[in-house]
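**Q** Just to be clear, the model below is a prediction. Sequence and coordinates:
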Amino acid sequence: MEKLIKLVETMKPFFEKVSNNPYLRAIRDGFVSCIPVILFSSLFILVACVPEIFGYKWPDDISSVLWLAYNGSMGILSLLMVATIAKSLTGSINHKLPKLRQINDTSVMIVSIICLLLLAVEPIKGGWSADFMGSKGLLSAFVVAFLVPNIYKFFVSRDITIKLPDEVPHFIAQTFADLIPLSAAVFLFWLGSILFKNATGMLFSAWILEFFKPLFVAADGYIGIAIIYGAMAMFWFVGIHGPSIVEPAVTAIYIANIEANLQIVTAGGHATNILTHPTSYFVATIGGTGATLMFCAMCAFLAKSAQLKAVGRASIIPVCFAVNEPILFGAPIVLNPVLFFPFIAAPIANVWIFKFFVDNLGMNSFIYILPWTTPAPIGLVIATGFAKLAFVLAPLLLIVDAVLYYPFFRVYDTQLVARETAIANGEISADDEESETPADAYAAAEKEEASKPAEEKKEATPAVAADAVAADDGEEKRVLVLCASGATSSMLAKAITKGAEKRHANVESIAMAYGQHKDVITDYDLIVLAPQMASMYDELKHDRDEKGVKSATTSGREYVGLTRDPDKALDFALALMAH
């Protein structure tokens, strides 16, 4: 198993390159920006549809009003996502362009919406058909969002723009500078849509759905879902945020399937599409990636090892809400050969059982989207429309996860107990290499990283000494903590804030998802990157160098330790700002 882990580790640079792919990141950032819209629309659908499960039907006028809110949000999701994805990709392109020759991301967003309408939406008398403005148009939205920024790049990087005299105000000059790439993009998509429809007899958005239909079907099968959710866990096992790599590639399938399921159930049919966001949130990742809820519960209530018991009890509440970084880095699970098998197998087993319930027992798949922090058993029941079998499936998945994790948990717990006993009896020292456990190996790797010369490390985290905390000079300091979704980062942000309140330090700290910081980076004195997003540190460093803001990242164990100790968290932030 240790040889297998070493083999996986050798692939980490490749995984990091994948996670840094600007097109996958653009989809992820675009989706994150649209999450409030999706949740807002789902709220109205819950109100409109859930009463029908219990035999009550809204009057037609009330039902139509509730559906109006849904159609005005999810119904134009493709238009929203083409703009947000294009903006994110434009930001990545601007990183590689000279500072004085940047692409106007607002212009790109507007043109992307126009081009999507031209390419993928059917014109009708008096306007546009709404058929492909929602989830059915997402694949077309990806195509447009990928191409429009690159069209702008072609012209802007070559300085092919309309130039006005210096006396003309900047905002007016910028309008004319955008005119050539804007016109080129609109013309190309207008002409392309005409030629494509004449050649194929189909609208592009309808054609691309048919083209990828075999992939959608394959992804929804047992092998497809095993690859998808196994890959998420595999990435996380080496310390890279797996969902941020895998989910952008299947986001279109997720959203299309959940809307299709809702329409099927509304029409009285059986919803069978498996791949949806709730499948990830409430089936595959119960407690977080790796389905770690039951392992965390074992650590908290069954462990004999002081280490696992402390980590489990400190992590159990966050893990209940799908924030499992404390247990991933605290146990640790990351790079721990003992826990490799259940960490990969539990998510796959969960989705296979769920698919069996849907395909063979007649249970409806997910029809609603809820926030991913909803506790999994509750989310599973609600998001399936209170399906009767969901009340059976939820506890069954917990039992299966417990069975998969228990023998490996017991082995690991026994190892740590033996080590703790030997240390207590003075038989070995805490850093005795001959009695090294996976946890010790992980800590040793972090020590090795900390001992590297400054030029070899991705971050420079200064040692925190009592006389080093000089940054608290009375002026307000602002700290931003970033992770993939804003959940893990909120733990450290809250710890820094608590430490500041306790010591009356003028320090404020908040959390965001990576990507949301780009427009507000100068509002902060320090930006801290969570360890699972370490592959993004070079880009963050580029941002901070341009804006003159300090930044750092941490190792997994250090990060978890800081979240539990507000005083150390504050000292950590102050020392970095004084560095």
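**A** Cool, the structure landed. Numbers count the residues shown, from 1 in each chain.
**Q** So, low pLDDT: which residues of the stretch 451-579 of the chain?
**A** 451-474, 546-547, 579 (pLDDT under 70).
**Q** Please enumerate the helices of it.
**A** Remark: helices assigned in the stretch 451-579 of the chain by DSSP state H, counting those that start in this stretch are 488-503, 537-547, 556-564, 566-578.
**Q** and of these, who's closest to Trp67?
**A** Closest approach to Trp67 among these (Cβ to Cβ): helix 488-503, 34.1 Å. No exception for glycine: its C-beta is placed from N, CA and C like everyone else's.
**Q** Which positions within the closest one qualify as buried?
**A** 488-500 (16 or more other Cβ atoms under 10 Å).
**Q** Check the offset of it from the chain's centre.
**A** The chain centroid and the centroid of helix 488-503 are separated by 22 Å under Cα atoms, centre = their mean, to the nearest Å.
**Q** residues in contact with it?
**A** Contacts to helix 488-503, defined as Cβ atoms under 8 Å, 6 or more residues apart in numbering, come from residues 318, 323, 325-326, 479-483, 505-513, 528, 530, 532, 559, 562-573.
**Q** Try it again at 6 Å.
**A** Applying Cβ atoms under 6 Å, 6 or more residues apart in numbering, the contact partners of helix 488-503 are 325, 479, 481-483, 507, 509-511, 530, 562-563, 566-567, 569-570, 573.
**Q** And for stretch 304-317?
**A** Contacts to stretch 304-317, defined as Cβ under 6 Å, 6+ apart, come from residues Cys296, Cys299, Ala300, Ala303, Pro326, Ile327, Gly330, Ala331, Asp413, Leu416, Val417, Glu420.
**Q** Out of those, which sit inside helices?
**A** Among the contacts of stretch 304-317, the residues falling in helices (DSSP state H) are Cys296, Cys299, Ala300, Pro326, Ile327, Gly330, Asp413, Leu416, Val417, Glu420.
**Q** Of these, which pair is most distant in space?
**A** Pairwise distances across these (Cβ to Cβ) peak at 21.1 Å, for the pair Pro326 and Val417.
**Q** Looking at those two, which has the bigger crowd around it?
**A** Pro326 (26 against 16; other Cβ atoms under 10 Å).
**Q** Quick one: neighbours of the closest residue in space to the more buried one that isn't next to it in sequence, just the number.
**A** Leaving out its chain neighbours, the residue that sits closest to Pro326 by Cβ to Cβ, 6 or more residues apart in numbering is Ser315, at 3.9 Å. Using other Cβ under 10 Å, the number of residues around Ser315 comes to 29.
**Q** so which helix or strand takes in Ser315?
**A** Using DSSP states H and E, Ser315 sits within helix 306-320.
**Q** tilt between that helix and helix 488-503?
**A** Helix 306-320 runs at 110 degrees relative to helix 488-503, counting by axes from the mean of the first three to the mean of the last three Cα atoms, to 10 degrees.
**Q** Any regions of the stretch 1-150 of the chain where pLDDT drops low?
**A** Scanning the stretch 1-150 of the chain for pLDDT under 70 picks out the ranges 1-2, 4-6, 8-9, 11-12, 53.
**Q** quick one: the helix holding Ser315 to helix 556-564, angle?
**A** 70 degrees.
**Q** for helix 306-320, the distance to its chain's centre please.
**A** From the chain centre to the centre of helix 306-320 is a distance of 23 Å (Cα atoms, centre = their mean).
**Q** Show me what counts as buried in it.
**A** Buried residues in helix 306-320, counted by 16+ other Cβ under 10 Å: Gln307, Leu308, Lys309, Val311, Gly312, Ala314, Ser315, Ile316, Pro318, Val319, Cys320.
**Q** what's the farthest-apart pair in those residues?
**A** Using Cβ to Cβ, the two most remote members of the buried residues of helix 306-320 are Gln307 and Cys320, lying 20.8 Å apart.
**Q** Distance from stretch 17-32 to the middle of the chain?
**A** Here stretch 17-32 is found 10 Å from its chain centre; the criterion is Cα atoms, centre = their mean.
**Q** Give me the buried stretch members for that stretch, please.
**A** 18-19, 22-32.
**Q** How about stretch 270-281?
**A** For stretch 270-281, the neighbour count (16+ other Cβ under 10 Å) marks Ala271, Thr272, Asn273, Ile274, Leu275, Thr276, His277, Pro278, Thr279, Ser280, Tyr281 as buried.
**Q** No further questions, thank you.
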